[in-house]
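S.K.: predicted model follows, preceded by the sequence.
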Amino acid sequence: MAVMRIAVLGGGNGGFAAAADFAEAGHEVRLWRTDAAEAARQNAAGGAILLKDVRGEREVRPALITADLGEAVRGATLILCPAPATTHPALGPRLAPHLADRQVVFVTPGTLGTVMLARALHAHRRDARVAFAETGTLPWLARKHGPDKVAITVRAKRLPVGVFPLDLSERALNVIGAAFPGVIENCGDALSGALMNAGPIIHPPLITMNAGPLEHFEKWDIHKEGTQPAIRRVTDALDAERIAIREALGYGAPHFPLADHYAKEGPEWMYGRGSHDRLTDSGDWRERIVLANHRYMREDVALGLSLLCDAGRAADVPTPLAAAFLAIGGAVCGDDFSRARPLSSCGLPDDAAERAKVLAHGF
């Protein structure tokens with residue numbers, strides 16, 4: 001295995017899981033913490049991450065923990081960005097001055113964050129040749145158990161990846177494939193990658209249809225007690241809208257239907273077979289969810305479903321369930337989510353031919 005310098009942006013669940021796994025695999029990992037005080041505290045404590053998984057607990061140490069974004073990104077072959085999609089508009093202009101040609105930025109997942117980050121880079125430097133890629137889910141089912149400890153319940157088995165611009169796919173997929181050996185599957189351009197995002201399919205029904213118990217109980221597991229047959233039927237119907245949009249836009253199978261996540265047989269989903277049971281057995285998702293503030297609402301409902309609805313409009317595919325959950329989520333939060341992230345807000349033209357050109361060749 002070739003050793004890479006990998007920058008990991010963010011100190012949340014995904015950032016810690018990524019930093020721990022990449023460091024343990026022998027890569028040179030630079031972890032960017034947005035909180036300078038936390039970066040200083042972690043460094044003063046020795047700079048270790050305590051990793052817990054099926055193999056037990058052990059300490060791993062990234063090569064660098066820093067609050068300086070430029071220091072983290074400089075010289076990195078791969079830049080992994082597991083931060084929520086709500087951070088993309090602010091991250092783009094901050095990241096752009098530090099990016100160099102031939103670097104690969106991997107957004108996990110994306111909600112077209114690839115295109116937003118690339119547009120910010122284009123505004124900073126018009127001739128840049130940086131590849132941006134996004135996939136359908138965070139590569140780890142993980143939760144932090146303390147300020148420096150992360151528990152990884154499941155690692156992804158299959159990750160469909162879309163690249164922006166498409167003409168940089170070979171470089172991007174080779175780099176990402178080296179970091180995730182045997183896991184990466186090419187799904188075409190960035191819009192295809194965005195339409196693989198599982199978050200806007202699984203989370204909106206769970207968070208809105210369980211709104212009562214979520215507000216009543218101190219902690220509630222939407223993936224266990226909250227995942228009942230009636231909700232599963234709705235989730236499958238919502239996923240059918242996503243798949244219909246993919247097909248209408250010309251994207252081929254596999255579409256990674258969410259039903260495979262729950263199935264005991266058939267095609268393996270992104271996290272592999274049996275991952276749902278391991279998730280609920282861990283107890284890590286029995287948590288307090290504040291409806292109006294949680295990323296399931298602000299990222300997956302507002303951004304994810306508004307993008308899905310607008311893609312449906314572009315593909316001439318009705319999206320009644322996506323629109324309904326978008327309206328309900330907005331009502332719960334007292335906001336209008338209907339245009340939270342249309343295609344145009346990411347930088348994609350409304351005209352189909354022009355949109356295809358941008359997806360293929362960039363700005």
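M.R.: Looks like it came in fine.

S.K.: and the strands in the protein?
M.R.: Ranges of strands in the chain, per DSSP state E, are 5-9, 28-32, 49-53, 56-60, 64-66, 78-81, 104-107, 131-135, 140-146, 149-155, 159-164, 184-189.

S.K.: dump the ones you listed to JSON lines, plus mean pLDDT, mean neighbour count and distance to G266.
M.R.: (Each C-beta comes from the backbone N, C-alpha and C, glycine too.) Putting the strands of the chain into JSON lines (pLDDT from 0 to 100; neighbours: other Cβ atoms under 10 Å; distance: least, Cβ to Cβ, whole Å) gives the following:
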{"stretch": "strand 5-9", "mean pLDDT": "98", "mean neighbour count": "26", "distance to G266": "33"}
{"stretch": "strand 28-32", "mean pLDDT": "98", "mean neighbour count": "25", "distance to G266": "36"}
{"stretch": "strand 49-53", "mean pLDDT": "97", "mean neighbour count": "20", "distance to G266": "26"}
{"stretch": "strand 56-60", "mean pLDDT": "97", "mean neighbour count": "12", "distance to G266": "32"}
{"stretch": "strand 64-66", "mean pLDDT": "98", "mean neighbour count": "20", "distance to G266": "42"}
{"stretch": "strand 78-81", "mean pLDDT": "98", "mean neighbour count": "25", "distance to G266": "30"}
{"stretch": "strand 104-107", "mean pLDDT": "98", "mean neighbour count": "27", "distance to G266": "28"}
{"stretch": "strand 131-135", "mean pLDDT": "98", "mean neighbour count": "29", "distance to G266": "21"}
{"stretch": "strand 140-146", "mean pLDDT": "96", "mean neighbour count": "19", "distance to G266": "20"}
{"stretch": "strand 149-155", "mean pLDDT": "97", "mean neighbour count": "21", "distance to G266": "18"}
{"stretch": "strand 159-164", "mean pLDDT": "98", "mean neighbour count": "28", "distance to G266": "17"}
{"stretch": "strand 184-189", "mean pLDDT": "98", "mean neighbour count": "21", "distance to G266": "17"}
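
S.K.: D221 is nearest to which of these?
M.R.: Proximity to D221 (Cβ to Cβ) singles out strand 140-146 among those, at 12.1 Å.

S.K.: which one in this structure is furthest away from the centre?
M.R.: No residue in the chain has its C-alpha farther from the mean C-alpha position than A44, which lies at 30.3 Å (Cα atoms, centre = their mean).

S.K.: need the pLDDT of that residue.
M.R.: Looking at A44, its pLDDT stands at 96.

S.K.: so what's D236 up against?
M.R.: Residues in contact with D236, defined by Cβ atoms under 8 Å, 6 or more residues apart in numbering, are P257, L258, A259.

S.K.: nearest spatial neighbour of the last one, chain-adjacent residues omitted?
M.R.: So that's A259. What sits nearest to A259 in space, not counting adjacent residues and going by Cβ to Cβ, 6 or more residues apart in numbering, is D236, at 5.6 Å.

S.K.: what's the pLDDT at that neighbour?
M.R.: The predicted local distance difference test score for D236 is 97.

S.K.: do you know how far it is from P147?
M.R.: As for D236, its distance to P147 is 39 Å (criterion: Cβ to Cβ, to the nearest Å).

S.K.: repeat for A96
M.R.: Relative to P147, A96 is positioned 30 Å away (criterion: Cβ to Cβ).

S.K.: compare these two and say which is more crowded by neighbours.
M.R.: Regarding A96 and P147, a neighbour count based on other Cβ atoms under 10 Å identifies A96 as having more, with 19 against 12.

S.K.: please pick the buried ones from the contacts of D236.
M.R.: P257, L258 (16 or more other Cβ atoms under 10 Å).

S.K.: and of the contacts of D236, the nearest to W140?
M.R.: L258 (18.1 Å).

S.K.: what is the burial count for the closest residue to that closest one other than its chain neighbours?
M.R.: Setting aside the residues directly before and after it, L258 is nearest to D239 in space (Cβ to Cβ, 6+ apart), at 4.8 Å. With neighbours defined by other Cβ under 10 Å, the count for D239 comes to 21.

S.K.: can you read off the pLDDT for the residue nearest in space to the middle of the chain?
M.R.: Relative to the mean C-alpha position of the chain, the nearest C-alpha, by Cα atoms, centre = their mean, is the one of P109, at 1.8 Å. On the pLDDT scale, P109 is placed at 93.

S.K.: likewise for M1?
M.R.: In this model, M1 is scored at 59, pLDDT.

S.K.: before we move on, back to that, and of the strands of the chain, who's closest to F16?
M.R.: Taking Cβ to Cβ, strand 149-155 is the member of the strands of the chain nearest to F16, at 3.9 Å.

S.K.: just checking: what are the partner strands of that closest one?
M.R.: For strand 149-155, the pairing partners within the sheet under DSSP bridges are strand 49-53 (parallel), strand 140-146 (antiparallel).

S.K.: do you know which of those lies nearest P349?
M.R.: Evaluated over the strands paired with strand 149-155, closeness to P349 peaks at strand 140-146, with 34.5 Å, by Cβ to Cβ.

S.K.: coming back round to it: would JSON lines of the contacts of D236 with distance to T208 and pLDDT be doable?
M.R.: Formatted as JSON lines, the entries for the contacts of D236 read as follows, by distance: Cβ to Cβ, whole Å; pLDDT from 0 to 100:
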{"residue": "P257", "distance to T208": "21", "pLDDT": "96"}
{"residue": "L258", "distance to T208": "16", "pLDDT": "95"}
{"residue": "A259", "distance to T208": "20", "pLDDT": "94"}
